[in-house]
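Asks: Provide a 3D model corresponding to the input given below.
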Amino acid sequence: MSAEGSVLSQSDVERLLNQVQTEDSKSLVVTADGQREERAKDSIQPYDFRQPAFLSARELRKLRLWHEDFIRSLASRLSTYLRLEVGVQLCMLQTITYQKFVEVLPNPTYITLFKADPMRGVCILELPPKLGLTIVDRLLGGSAMNVSGQREMTEIEIALLDQALQILLGEWCGHWHYDQEIRPVLLGHETNGRFLQTAASDTVMLHLSIEAHIGDCVEPIQLGFPYYTLEPLILRLNKLLDLNTQDAGLQQSKELHWSPCLEEVVIPVSAEWDGTRLSVGELSQIKVGDVIPMAVDCAQNVTIRLANLKKLSGSLGTVDKKWAIQIARVLST
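Replies: As a prediction, the model looks like this:
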């Protein structure tokens, strides 16, 4: 090949660049039936095998809405129990492994192990010592202000705090409306999450983090639920939401049928239209035989009232030497 033949034109260079760019935007994938095909890289979603997600995006969205409703009820319930305004808001809702969940727990802290009977598995509730002592201070008649969390709780304080946690967990369990009654059962306490062995390290957990405002204390509360504990509850939640959606669709698509008992109901019908405006002085001077001029388009904008409600509009005319109104449209009232 000569030197002149090896020189590429501008159009050849652009074509090669477009070809390379097209090839870079596609990847070779193997489908479920073993076929190989090229697909756009944008359509491929990465999957982290070290942190699998047992919930689909749709299910996670449903759980988030469910927990937002639970948190609103919890704030009202705790405010009544502590006789103090309590603010609670959702901070995080995600799926992580048990090992990752234990690693994010602070040390030292106050950990409560509980079971959502009759569900399988042991769940975890963690709250900072300062928040726990603030709750205890309020239960003992304090103002929940300037409470120090730099000490361990006594047995009496733990018993009082467990009563408040029973309300929190009871609100969570009672919100599910499951076939069987779900009730929280406290199993024990810990101060260091690294010593916990309630599940295998690769067990998928639902990690819920909520922020509590009690007095001048603002601290997070973290809950961890194993996958096998939530599985029957999520299936129940999906069925309930799907049934509600179907019922709403049936109600919207249901046809309206005329009731024969309404055929003999008498309804007064009247027609009106805007005419010339007169002052009170002009109106007082009107005499028999006077003529009031009307605009030409008044007869084209007639409103029909059914039982004193504006329902139809049309234009004025005559039929068989009688006044009549031709209906043009139905008014939305």
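Asks: rest of the way, CA atoms for contacts and neighbours
Replies: OK.
Asks: does the most centrally placed residue in the chain sit in a helix, a strand or a coil?
Replies: Centrality entry for the chain: nearest residue to the mean C-alpha point is residue 65, 3.6 Å, by C-alpha atoms, centre = their mean. Using DSSP: H, G, I helix; E, B strand; the rest coil, the secondary structure recorded for residue 65 is helix.
Asks: gap between it and residue 71?
Replies: Applying C-alpha to C-alpha, to the nearest Å, one obtains 10 Å for the distance of residue 65 from residue 71.
Asks: where does residue 194 land in three-state SS?
Replies: With three-state DSSP as the basis, the three-state label of residue 194 is helix.
Asks: May I have the secondary structure class of the closest residue to it other than its chain neighbours?
Replies: When the adjacent residues along the chain are set aside, residue 194 lies closest to residue 102, with 6.5 Å between them (C-alpha to C-alpha, 6 or more residues apart in numbering). For residue 102, the secondary-structure state derived from three-state DSSP is helix.
Asks: ok now do residue 102, which residues does it touch?
Replies: With contact taken as C-alpha atoms under 8 Å, 6 or more residues apart in numbering, residue 102 is in contact with 193-194, 196.
Asks: where's the dip in pLDDT among those?
Replies: In terms of pLDDT, the lowest of the contacts of residue 102 is residue 194, showing 82.
Asks: ok, how many other residues are close to that one?
Replies: Burial of residue 194 is recorded as 13 neighbouring residues (other C-alpha atoms under 10 Å).
Asks: surely it meets residue 103?
Replies: Yes - in this structure residue 194 lies within contact range of residue 103 using C-alpha atoms under 8 Å: 7.3 Å.
Asks: where in the stretch 101-250 of the chain is pLDDT low?
Replies: Counting by pLDDT under 70, the stretch 101-250 of the chain contains low-confidence residues at 240-250.
Asks: Helices of that one, start to end?
Replies: 129-139, 155-174, 227-253 (DSSP state H, counting those that start in this stretch).
Asks: Show me what the first one is packed up against.
Replies: Using 3 or more C-alpha pairs under 8 Å, 6 or more residues apart in numbering; DSSP states H and E as the contact criterion, the secondary-structure elements in contact with helix 129-139 are helix 57-82, helix 155-174, strand 204-214, strand 217-226.
Asks: Residues in contact with that helix: which ones?
Replies: The list of residues contacting helix 129-139 from outside it, by C-alpha under 8 Å, 6+ apart, reads 82, 109-110, 143-145, 147-153, 157, 160-161, 164, 214-215, 217-219.
Asks: Measure how it sits relative to helix 57-82, angle-wise.
Replies: Helix 129-139 runs at 40 degrees relative to helix 57-82, counting by axes from the mean of the first three to the mean of the last three C-alpha atoms, to 10 degrees.
Asks: Offset the numbering so it begins at 486, please.
Replies: Done: numbering now begins at 486, and the last item shifts to helix 614-624.
Asks: Please save the CA atoms from helix 614-624 in PDB.
Replies: Extracted in PDB, the C-alpha atoms of helix 614-624 (Å, rounded to 0.1, in the frame of the first residue of the first chain):
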ATOM      1  CA  PRO A 614     -27.200   5.900  76.600                       C
ATOM      2  CA  LYS A 615     -28.000   9.600  76.700                       C
ATOM      3  CA  LEU A 616     -31.300   9.100  75.000                       C
ATOM      4  CA  GLY A 617     -32.200   6.200  77.400                       C
ATOM      5  CA  LEU A 618     -31.300   8.200  80.500                       C
ATOM      6  CA  THR A 619     -33.300  11.100  79.200                       C
ATOM      7  CA  ILE A 620     -36.400   8.900  78.800                       C
ATOM      8  CA  VAL A 621     -35.800   7.600  82.400                       C
ATOM      9  CA  ASP A 622     -35.300  11.100  83.700                       C
ATOM     10  CA  ARG A 623     -38.700  12.100  82.200                       C
ATOM     11  CA  LEU A 624     -40.400   9.000  83.600                       C
END
